[in-house]
Structures are given as structure tokens and as C-alpha cells.
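Peer 1: sharing a model that was predicted from the sequence below.
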Number of protein chains: 2
Amino acid sequence: MTTTLTRSLAESVQVTRTAARTLAKLPTQAKDAALEAIAIALEQNGDRILQANQKDVEAAKSAQLPIAILNRLKLDRNKLASMVAGVRDMVRLAEPVGITQIHRELDTGLTLERITCPLGVVGVIFEARPDAVSQIAALAIKSGNGVILKGGSEAVNSCEAIVAVIHQALKEAEIGKELSVSPDAIQLLTTRAETLAILQMDSLIDLIIPRGSNQFVRYIQENTRIPVLGHAEGICHLYVDASAEIAQAIAIAVDAKAQYPAACNAIETLLVHAAIAANFLPFAVQALQNHGVEVRVCDRTLQIMQQCGGETKELLQATDSDWATEYSDLILAIRIVDSLEEAIAHINTYGSRHTEAIVTQDPNAAATFLSDVDAAGVFHNCSTRFADGFRYGFGAEVGISTQKMPPRGPVGLEGLITYKYRLIGDGHIVASYSGKDAKTFTHKDLT
Amino acid sequence: MTTTLTRSLAESVQVTRTAARTLAKLPTQAKDAALEAIAIALEQNGDRILQANQKDVEAAKSAQLPIAILNRLKLDRNKLASMVAGVRDMVRLAEPVGITQIHRELDTGLTLERITCPLGVVGVIFEARPDAVSQIAALAIKSGNGVILKGGSEAVNSCEAIVAVIHQALKEAEIGKELSVSPDAIQLLTTRAETLAILQMDSLIDLIIPRGSNQFVRYIQENTRIPVLGHAEGICHLYVDASAEIAQAIAIAVDAKAQYPAACNAIETLLVHAAIAANFLPFAVQALQNHGVEVRVCDRTLQIMQQCGGETKELLQATDSDWATEYSDLILAIRIVDSLEEAIAHINTYGSRHTEAIVTQDPNAAATFLSDVDAAGVFHNCSTRFADGFRYGFGAEVGISTQKMPPRGPVGLEGLITYKYRLIGDGHIVASYSGKDAKTFTHKDLT
């Protein structure tokens, strides 16, 4: 990467930063009008977007990219309709900026407010899926942030077409309006060199959101001083307790593993209490295998499966490394534990603090699990796959965070928002509140 | 540092982690009873603590440590009384754990809750001031966190005595009680090798809070993967607008610089609008100099001061490096700007996003400043020195954060708390909500 690139890129990120400062102050109506203009433009320019996408798809086929990437890359009328609906959903979300979180009189005439505000400029770096572009742009507009977008190189034509449509919509919506969203607030990068360069721009970019594989997220985390919202791993567990209802446990295990195995909230290990293992495992393993799941089992599970002599396929033995592996595929490790405590200890050792579930009819066991398991999501009698911003009712998902500090778990618009403290006085100085004859603070919350 | 040290230290941090898990679940009454027991023990063991402190003070004198360190190190009856009061203040604070932030029906029988919970184990590394020990221990107990404390080597006897008193109080309070705070929840380290070792324990420690000089905080930030709450720099500004009331501006400038110049919320640069400079600066400079402040001025300020020919002492000229310097001392840089916008641009370039203030009678200028300045605190007609957890009414201050993401600014108990999502179902699986005949979510907030 050349110094020239870095310098001109910093200038163009500064353009987005300046546009973001205006965007941050726009009233809800102005932001929502921009979102509706984008939704209409996406509807009207479907052909243009699909044609650009066709180029990417053909190039991907020539390059013999894996079918999974092709599927994520390829747009169609349904995906376009979802993109439009996603932008319109954002209009319905509550305004996240300018919310008063604290309003307190510190003393007569000295008033503190804590007010939500946008972060500034967010860098979103994602792989493949071009439909993410409109969603990210809409999230940025609603939250009052500028955004620097970088899609996967295989989706460059699609991303450029979508951003061109968004820019055109914003340009047209600007005409004759005093308050409008500048197209400069949304900027697309197209080269890897630019991505590497923006990771160093900690004075211009406030948050990086990587969306992609584990290796991709870890690479970003290790190569920037800018805060990163995201998670590198999702090793989730389902624990089937001694008091589980067996049919329910089987249905949840199948859903949590097989409904969409590439998702970070799919389970990688099934823990089973010894007291229920002989009744549960033969049926569960068969159900999982019927859904194409390869199971890797501990010694005790193997014994039980051999004793029951059912029609299960040959079973692989799990090794210690299985407990620490995120397969992201139709593979599941199974381990028998002797107690709830052993299950919790296993999860706290190997889990990535993402989402952990227990199936049990015993309310005490459930309460202990929900309290003692250290994860962003602790679930009882339901599938780990529910850990998702849309399903939680956040309207949109910025990402899922497995860090301990908030924002944690599925993060909606909240992840793009911070706050500032405003203190308004009338010549108040701290010296008046110290030494003898010190004034005291009233600390009275105002409504 | 030897491997043996690291291994045995990890084991003892694990002891604190285990104690913290129990502490996390204690009801408010049990935590408050422990706090009251500590307050009483501190009152009763004042002599023991002061004797230990005397040893540290004598050693510090022999080592000819600077007077500022001696003052922070030395305990007396007043400081002891403040320590006791600080612990009792914690009893009065609202319970931060177990608060329901979200309670939402996702569908019939499928209920989501977001509940606050402690972080786990917090590492607090501080320089000198032994009175910080009781405050940190009290914060940890109230927030349900275990804490690993490391004080400055010059305060080792004092810190050991205070922790011994706290441990004894907790041990006695434990007797005959089912629910109590284990002394293991609070652990003191005494060597630098141990500090370095815990910075690597990212699976055992959830947050590091460094309290000390800029260099100290920056060293911690650069040598751990554990999240760090704190700030390395506090370059704060006061901007005196064209429409400022001059007497008010002078009083605020003196307070913001001279009331406690070593504080991070003291100002380092005074920006003055050109239109008011000739009327304001001669009086302001004299007032500052009367408070022992050395001023370093821009060319235009120098001109004004020479023209007015008052009785000011000789003035140093500021260079570009002054705008980027945190003096933490009785030194102030002064610069004339031609507009509000120029002041804001200066602050957004050189400020460390800590606390920034404007003095003006013009509500529009104030509104623009409060909105466009990028800092945790934006103040109008009051001193930057108010940026403090106690003054904000948070009861106690964990630290001040200059990062953009929350928690930001002065951070109280909130900084030691996170949340988890609990999802309770009755066999709910995600497959039911996809494909054709997909069920829809109700997303109904419950009271």
C-alpha cells in the first residue's frame, strides 16, 4: 500500500466523517425520508442490480468458487424484495439518537443530561453477500453514523451497483431540502489495500464491524486499534438434563444443530446427563443422523449406542480437540456428564460465551444453569438458534458480540450508538464545593 | 517471572473467580451486611492501619520520593473517616445486579429477558493511594464482582493492613450465615511480577482498571488482551466565546486550571474568541498568574498582552506541541481563534474526548458546541472539573473512560456490570419460524 493511497483514502474518509456530523443532527423525519427514497430506488432499479450481480456470479463460476459462496453471492427477485423490506423496517424502528438517559440537577442551576448520540463513522467489512450493503446503509442512516463499506472482492459489481442506486436516491432526495442525508455519508471501498489502510485510521473511524468467517474476524481484531464489534467463535452447547422431556430434547437438538449448521448460534457439542443417556441417546443419534449429522461421541456414549444395537451408522469417537472445535457444519460432538455442575464446568471451559441451552423440566436445574453459565445467551427449553437480533425483536442486527462488556449478544441499532454527558451551569465552579463552607450537591433526578 | 509463579497465581485467581460466582448471586442484604461489617472494622482498626502506613511513609521519605507521592501515600484520621464513609455510601446505592432491562414475549410461551449481572473478576492496578483499597473492595462487593487488587509498591504495608482488616471483617461476618461474602472474593497482590502475570490471564480476569499516570495506563493498555477501562490522556479545553460574560469566564478558567491541576479533568488549553480577547485576556492572565499558573500564549495573545501593558509576568510563547500536551501542572496554553468553528476544530483535533467546556451567553453558540464537540463531556458555563462520578451523583467512580463506546466519561458501578439474555421456552425451535407456514413472532414487551 502506498503512502499516496493512504493519504487520499484518509481524505475521502474525512469527507464521510464531515457528512456524518450533519447526519448526526438530522431529525427522524429527514432520516426516514432518505430510507424511503432508498427503498423506492432499490425497487425501481432491480434490473440494474441483478445485471451487475450476474457479472459477479459468472466470474465466481469461472473461478470455481464453492457453491456456498455462490449461493450467498447470487441475488434474485426474492432477495431484492427482502432488501427493500429491510430498509423499510428501519423506518419503523424507534429513533435511537437524542434519547435522554439521565436528567439530573446536580445543584441549583447546574443540570446534567446524558444523551444518546451516534458513534461517528463505522467501518463494515463483509464477505460475499451483497444484500448486506442496503441493510448496513439503512442501519447507518437510522443511527446517524457515516459508514465505510467494504464487500468481498467477488461481489464488487453488485456492491457498486447497489451503492450507486443508494447514492442516486440520496442525491435526488436532497434537492430542495434543507435537511437531508448526504450521499457522502455512505462510501464503498473496493480493494483489499484500502481495507488494510482503514484499519489504521483510528482517529477517523470509531468502530469496525467485520462480518465473515472466524479467521476473517480474528484477522481484523488482531490488526487494528479501532474497537471491533463481533466475535471470532461460536462454540455453543445444548445440555440435556436428567429431567428433560425426551421428545422435546430431541427436537431442540436437531434444530440447534441441523436447521442451519453454518450459523454461529448452532451447537457444536451435545452434553447429556448420565441418568437419561440410555433413554435419550439412541433416539437422538438416529434423529440427528436422519438429518445428515455426523456424530462424534465420548466412550460412554459409544457404549450405550453399542448396547442398544439400533440402526445407527458407524460412530466416530470424539477426542479432546472436538470439545474446542466449531465445526460450522453437520457434525456434532456428544459427551455424557454425571451432573449439572459437570455440564456447566464443561461449558464454561470450552464455550465461547455465545449461547448455551439446557433442556429440563426441573426448575432448580434450569435456574442454576441460567445463573452459572457464563454466556451472552442462556436458554431454557428452546433452540440456541433463536440467538439473533431479528428474532429478539431488535429489527436488525449489527452483529453478535461475545465480549463480556456491553453491548453483548445480538446487537441491534444500540451497537451504533453511544452517549455524551452535557452539563449546563451558570458560572458554577468546583471550588465552591470543596473546603470549608463547601456547598453540597442536590443530585435530584428530573423527569 | 517464573512459570511456577504464573501457575500458582492462576490458581489463586481461580479461587477469587469461584468466590465471585457465589458473590454474584447474593441478595442485596447480604452484600450490604458485608459492607457495614467492613465499615465497622475499618473504624475499629484505625491504629493498626495508621501504624502500617507510617512504615510506608518512612520508607518513602528515606527513598526521597516526591512530596506529591508522599501526600497521596500518607493516611490520617480524616482519610480513614472518608474511607469508612465511602464504604457506607455504597450501601445506599441501588442494587445494580439482577435488573431486568428487557422483558419481551417473542411468541406464546417463549420469553426473553435481559438481566444485569456482574462481569466476574476485575483486576484493579493503582499507584500510591492506599485509601483506594477500601473503595475498590466496596465497589466490587456491591457489584457482585471478585477483585484482584495491586497497589503501588510504596504503599504495600498500608494495603496489606487494609485488606487484612477487610478479610477479618468478612470472616467474622460469615459465621453462622448461609449467605455471605467470602474473603476470597478480594485478593491483594504485592509484586510487579504478579501484575505482569495477571495481564496475561484473559480467561480468568474480565476487566482491568488501571489508576495512575498516563504512562502507567498506556503501558497496561498495550500489554494486555483483557478489556481496559480507563484513559491515558486528559487534554481538556475551555473555550471563551465572543458572547461570554467576562467575570464568569475568568472564574471558570481559574477553577478549571488551578483548583486541582493534576486532575485529568483540569484544562490544558484556553481558547479565546478574537472578538473578546482584548477585553478578557489581560484580566484572565493576571487572575491565572495570581493562582500560580504559568501561561504559554499564541502570537496574537502576546500582542494583546504587550499592548495592554499590565503587570503580568513575562509570557512564554506556545509552540504547536503545547496544543497536544497534558501538563497535569500549573501550566496553561492560550490561543486566540476567529470563530466558534475554529475552536471546535481545534478541540476535535487536539482534545482527548474527555471533557470540553464553552463559556457563552449565546444559546446558539452553546448548542453548536455541545452538539459538534466530540467528547464524553460537553459543558456550558461551568468548570470542566465537574466531570467526576461523585459530582455526577454516581456515588463512586470506577474510572473515567475516554473511549467512544459506552461506558464513557465518569463510570460508576455501571462499569462493573454487564447483562445476559435469558430465553425461556417450552420446546420452541427455529424451524417453526421459517419456510412456508412459518409462525411469526409476537415481539410483545411485557411489563
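Peer 2: Alright, I've got the coordinates.
Peer 1: what's around the residue of the stretch 151-300 of chain A found nearest chain B, how many residues?
Peer 2: In the stretch 151-300 of chain A, the residue that lies nearest chain B is residue A:255 (3.6 Å; CB to the nearest CB). From N, CA and C alone the C-beta is placed, and that goes for glycine too. Number of residues near residue A:255 (other CB atoms under 10 Å in any protein chain shown) recorded here: 25.
Peer 1: other SSEs contacting the helix or strand where it lies?
Peer 2: Following DSSP states H and E, one finds residue A:255 within helix A:246-258. Applying 3 or more CB pairs under 8 Å, 6 or more residues apart in numbering or on different chains; DSSP states H and E, one finds that helix A:246-258 makes contact with strand A:236-240, strand A:267-273, helix A:274-290, strand A:355-359, strand A:377-382, strand B:417-428.
Peer 1: what are the ranges of the helices in the stretch 101-250 of chain A?
Peer 2: Under the criterion DSSP state H, counting those that start in this stretch, the stretch 101-250 of chain A carries helices at the ranges A:132-143, A:156-174, A:192-198, A:214-222, A:246-258.
Peer 1: is chain B contacted by the first one?
Peer 2: No. Helix A:132-143 is not in contact with chain B by CB under 8 Å from any CB of the partner chain; minimum separation 13.1 Å.
Peer 1: got the angle between that helix and helix A:156-174?
Peer 2: 30 degrees (axes from the mean of the first three to the mean of the last three CA atoms, to 10 degrees).
Peer 1: show the contacting residues for the residue nearest to the spatial centre of chain A.
Peer 2: When CA atoms, centre = their mean is applied to chain A, the residue found nearest the centroid is residue A:399 (1.3 Å). By CB atoms under 8 Å, 6 or more residues apart in numbering or on different chains, the contact set of residue A:399 is A:209, A:211, A:229, A:230, A:231, A:411, A:415.
Peer 1: can I get those in CSV with pLDDT?
Peer 2: Converted to CSV, those look like this (pLDDT from 0 to 100):
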residue, pLDDT
A:209, 92
A:211, 85
A:229, 89
A:230, 81
A:231, 75
A:411, 92
A:415, 92
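Peer 1: ok, and the most crowded of those residues?
Peer 2: residue A:415 (27 neighbours).
Peer 1: excluding chain neighbours, what is closest to that residue?
Peer 2: Leaving out its chain neighbours, the residue that sits closest to residue A:415 by CB to CB, 6 or more residues apart in numbering or on different chains is residue A:398, at 4.1 Å.
Peer 1: could you point out the longest helix in chain A?
Peer 2: In chain A, with assignment by DSSP state H, the single longest helix is helix A:3-23.
Peer 1: so which elements touch that helix?
Peer 2: Secondary-structure packing of helix A:3-23 (3+ CB pairs under 8 Å, 6+ apart): strand A:121-126, strand A:146-150, strand A:186-189, helix A:192-198.
Peer 1: picking that back up, relative to residue B:12, how far out is the residue nearest to the centre of chain A?
Peer 2: 36 Å (CB to CB, to the nearest Å).
Peer 1: same deal with residue A:422?
Peer 2: Counting by CB to CB, the gap between residue A:422 and residue B:12 amounts to 44 Å.
Peer 1: and if you look at residue A:271?
Peer 2: According to CB to CB, residue A:271 and residue B:12 sit 29 Å apart.
Peer 1: how about residue A:8?
Peer 2: Distance from residue A:8 to residue B:12, by CB to CB: 54 Å.
Peer 1: and for residue A:19?
Peer 2: Note on residue A:19: its distance to residue B:12, by CB to CB, is 53 Å.
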